[in-house]
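> Provided below for reference: sequence and predicted model.
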Amino acid sequence: MWRKLLLTAVALTTAGLLSVGRGQAQSPQISVGVAASSPGSTAIVAVTVSPDPQAPLGAAVLRIAYDSSRLRATAFSPLSEGVVAECDLSAVGSVRCGLLHATGMAGQVMSLTFQVLPAAAPGVVPLSLTVEECFTVQGDGANCLRADGAVVVQSTTTPPPAPLLVAIRPLSTTQALISWLPTSGTTHYRLRSALNFEMTFGVRETPLPVESLPLGNGLTVGVPDADGLAFYYQLAACNQAGCSPFVRAGGLARRIWPGANDWNFYMAAYDFIGTTTAWAFNASPVPGKASVIAFYDGIQGFGATPRGQCSLPLPPGSACTLSWPGASAFASASQSFPPFGEVGTALRVR
């Protein structure tokens, strides 16, 4: 199939230049390069053509095999003007590519991107090249030489940078989402939780391998299930050399008073460079029991500054959010069912 597609494309782009029956041509060489990277990062390898002036290379089909326990091919891109490249990245442990050029390939013609898996052991990972098809621009079969390449997996000598843009928000009645911007060289994360902002009471730490995170930069945590209960979180990025400093990931606080069918909501809040972002989730199990949600800078009921309300009464199973320049170390949210009053909760965010 590849051969038919490539021959057809060569015929269309080199109309008038074909000559039939010339037999086997000379020997251009196709080489796969060498790149170095660390676990959790990417390596970009160039595919290079050393041309034979007597036999300009017009088309080729390549297969590159690699150790799938240490690498994964993730992307490709043509590097030379006029080169058409198409690769199948779906196979485990190999990538198959077709290359085409109307007047002859030379130099770096394509790049391949490999993800170095977080648990990859240091050392050389061979990239074994097979040239399945090889044609000149005239359509003659060519005897292409080949040269293998490699990805060198380097030993990690320093911990990765700390996660960036860490945030927390509601997902459902029982789960919230912590998200962040990934940093290079990370093989796993450590999530620290506690029952107080100082992270000294009820502390737990959980290791989270990168491959266990479906999105790579997000994880779900449980919502407090008792009135007045609060959880605080910190996150660190780690590799074989150690972990980054922990950064704050905000917190969750719950009100269920006096029972689940009455006031029932939770808030999530975090700080980003002096800006407070707060969320509130109506967790009432009563269908249609919408509530008015209000946000405060400070502790609601103790001189806090009102910052606004959700634009509409919030139905059960829904969330709303508000951000503001934070003057207080605390943020609050409250729930009310007019004409009944507010029940609030607060989190320390800085």
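The structure has been received and is ready for your questions.

> tell me where the stretch 251-350 of the chain has strands.
Remark: strands assigned in the stretch 251-350 of the chain by DSSP state E, counting those that start in this stretch are 263-272, 275-282, 292-297, 305-309, 319-325, 330-336, 342-348.

> would JSON lines of those with mean neighbour count and mean pLDDT be doable?
All C-beta spots, glycine's among them, are computed from the backbone N, C-alpha and C. Output for these, formatted as JSON lines (neighbours: other Cβ atoms under 10 Å; pLDDT from 0 to 100):
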{"stretch": "strand 263-272", "mean neighbour count": "24", "mean pLDDT": "98"}
{"stretch": "strand 275-282", "mean neighbour count": "24", "mean pLDDT": "98"}
{"stretch": "strand 292-297", "mean neighbour count": "24", "mean pLDDT": "98"}
{"stretch": "strand 305-309", "mean neighbour count": "15", "mean pLDDT": "97"}
{"stretch": "strand 319-325", "mean neighbour count": "17", "mean pLDDT": "97"}
{"stretch": "strand 330-336", "mean neighbour count": "26", "mean pLDDT": "98"}
{"stretch": "strand 342-348", "mean neighbour count": "23", "mean pLDDT": "98"}
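
> possible to save those as a markdown table with distance to A35?
What follows is those, written out as a markdown table (distance: least, Cβ to Cβ, whole Å):
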| stretch | distance to A35 |
| --- | --- |
| strand 263-272 | 35 |
| strand 275-282 | 40 |
| strand 292-297 | 49 |
| strand 305-309 | 50 |
| strand 319-325 | 42 |
| strand 330-336 | 46 |
| strand 342-348 | 45 |
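
> between these, which one is nearest to E132?
strand 263-272 (52.0 Å; Cβ to Cβ).

> can you get me a residue count around D67?
Neighbourhood size, D67 [other Cβ atoms under 10 Å]: 17.

> was I right to think it contacts A73?
No. Counting by Cβ atoms under 8 Å, D67 stays clear of A73, with 11.5 Å between them.

> check contacts around L314.
280, 282, 290-293, 320 (Cβ atoms under 8 Å, 6 or more residues apart in numbering).

> I meant to write T173 there.
T173 touches 223, 281, 283, 317, counting by Cβ under 8 Å, 6+ apart.

> can you tell me the SS state at it?
coil (DSSP: H, G, I helix; E, B strand; the rest coil).

> how far away is it from F295?
20 Å (Cβ to Cβ, to the nearest Å).

> still on that earlier bit, for V32, state which of the contacts of L314 is nearest.
Nearest member of the contacts of L314 to V32, counting by Cβ to Cβ, is C320, at 53.1 Å.

> name the nearest residue to the closest one, ignoring sequence neighbours.
Distance criterion Cβ to Cβ, 6 or more residues apart in numbering; nearest residue to C320, sequence neighbours excluded, is C310 at 3.9 Å.

> surely that neighbour touches A319?
No. Using Cβ under 8 Å, C310 is not in contact with A319; the gap is 9.0 Å.

> what do these two both touch?
Here C310 and A319 share the contacting residues A280, scored by Cβ under 8 Å, 6+ apart.

> how many residues are close by the closest residue to A230 other than its chain neighbours?
Using Cβ to Cβ, 6+ apart and skipping residues adjacent in sequence, the residue nearest A230 is A253, 4.2 Å away. Residues contacting A253 under the criterion other Cβ under 10 Å number 24.

> repeat that for P207.
11.

> distance of it from Q175?
Plainly put, P207 is 20 Å away from Q175 if you go by Cβ to Cβ.

> picking up where we left off before, so who does the residue nearest to A230 touch?
A253 makes contact with 224, 229-231, 266-267, 269, 345-347 under the criterion Cβ under 8 Å, 6+ apart.

> next SSE downstream of the lengthiest strand in the chain?
Using DSSP state E, we find that the single longest strand of the chain is strand 123-136. Following strand 123-136 in sequence order, the next helix or strand is strand 145-147 (DSSP states H and E).

> residues of that next one that come out buried?
Residues of strand 145-147 classed as buried: none (neighbour count, 16 or more other Cβ atoms under 10 Å).

> thanks a lot, catch you later.
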